[in-house]
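> Let me see the structure of the following:
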Amino acid sequence: MSIDDVVKGKLLSKAREAARNSYSPYSLFRVGACLLCADGSMFVGCNVENSAFSSTVCAERTAFVQAVAAGKREFKAIAVVSPDSDGLCLPCGECRQVMSEFCAEDFLILSESGGETAEFSLGGLLPRSFTLKKGN
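Numbering: from 1, shown residues only. Below is the predicted model:
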């Protein structure tokens with residue numbers, strides 16, 4: 001999927017800002033995400049931890065839930081960053097599965113490390129995803 005470099009920069013910048021709002025007192029691992037909708041709107045999310053670890057919500061899912069609650073159903077890309085990581089911060093398996101519910105295999109996933117931006121497709125990170133959709 002082709003997305004302008006300026007838009008990619010905005011996604012990464014907004015994801016960095018969102019990470020500042022992370023509630024991560026247990027892992028001390030802040031994550032921010034910024035989701036680009038097909039209409040150009042953007043939704044941010046941060047991870048929100050809970051002492052019952054299974055109740056923790058990742059930044060990516062926070063952004064998707066906000067977008068879906070606002071009526072959005074078509075998405076182009078997401079940027080995921082962590083100021084606490086020495087490497088790339090990529091979506092976990094659960095987040096990848098949530099993305100596959102709404103996004104095509106060419107959905108763009110951006111991350112950065114050491115000033116370098118890396119790009120991945122959803123299909124590359126989650127090949128042959130599980131679905132109950134007819135025809136798949």
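> From here on, just use CA atoms for contacts and neighbour counts.
OK.
> Please name every helix or strand in contact with the longest helix along the chain.
In the chain, taking DSSP state H as the definition, the longest helix is helix 5-19. Secondary-structure packing of helix 5-19 (3 or more Cα pairs under 8 Å, 6 or more residues apart in numbering; DSSP states H and E): strand 32-37, strand 42-46, strand 75-81, strand 108-113.
> now those as TSV including distance to residue 22?
Below are those laid out as TSV (distance: least, Cα to Cα, whole Å):
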stretch	distance to residue 22
strand 32-37	7
strand 42-46	5
strand 75-81	12
strand 108-113	17
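> and of the ones you listed, who's closest to residue 18?
Ranking the helices and strands packed on helix 5-19 by their distance to residue 18 (criterion: Cα to Cα) puts strand 32-37 first, at 4.7 Å.
> quick one: average confidence on that closest one?
For strand 32-37, mean pLDDT rounds to 98.
> now the residue nearest the centre of the chain, what's its secondary structure?
Central residue check for the chain by Cα atoms, centre = their mean: the C-alpha nearest the mean position is that of residue 60, 3.6 Å away. Secondary structure, DSSP: H, G, I helix; E, B strand; the rest coil: residue 60 is helix.
> For the residue nearest to it when sequence neighbours are not counted, give me its contacts.
Excluding the flanking residues, the one nearest residue 60 by Cα to Cα, 6 or more residues apart in numbering is residue 33, at 5.5 Å. Contact analysis of residue 33 by Cα atoms under 8 Å, 6 or more residues apart in numbering lists 11-12, 14-16, 18-19, 44-46, 59-60, 63, 78-81.
> try 10 Å
Under the criterion of Cα atoms under 10 Å, 6 or more residues apart in numbering, the contact list for residue 33 reads 11-19, 43-47, 58-64, 78-82, 91, 110-111.
> Can you turn the buried subset of the residues you listed into a selection I can paste into ChimeraX?
A single ChimeraX command selects the buried members of the contacts of residue 33 (16 or more other Cα atoms under 10 Å):
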select :11,12,13,14,15,16,17,18,19,43,44,45,46,47,58,59,60,61,62,63,64,78,79,80,81,82,91,110,111
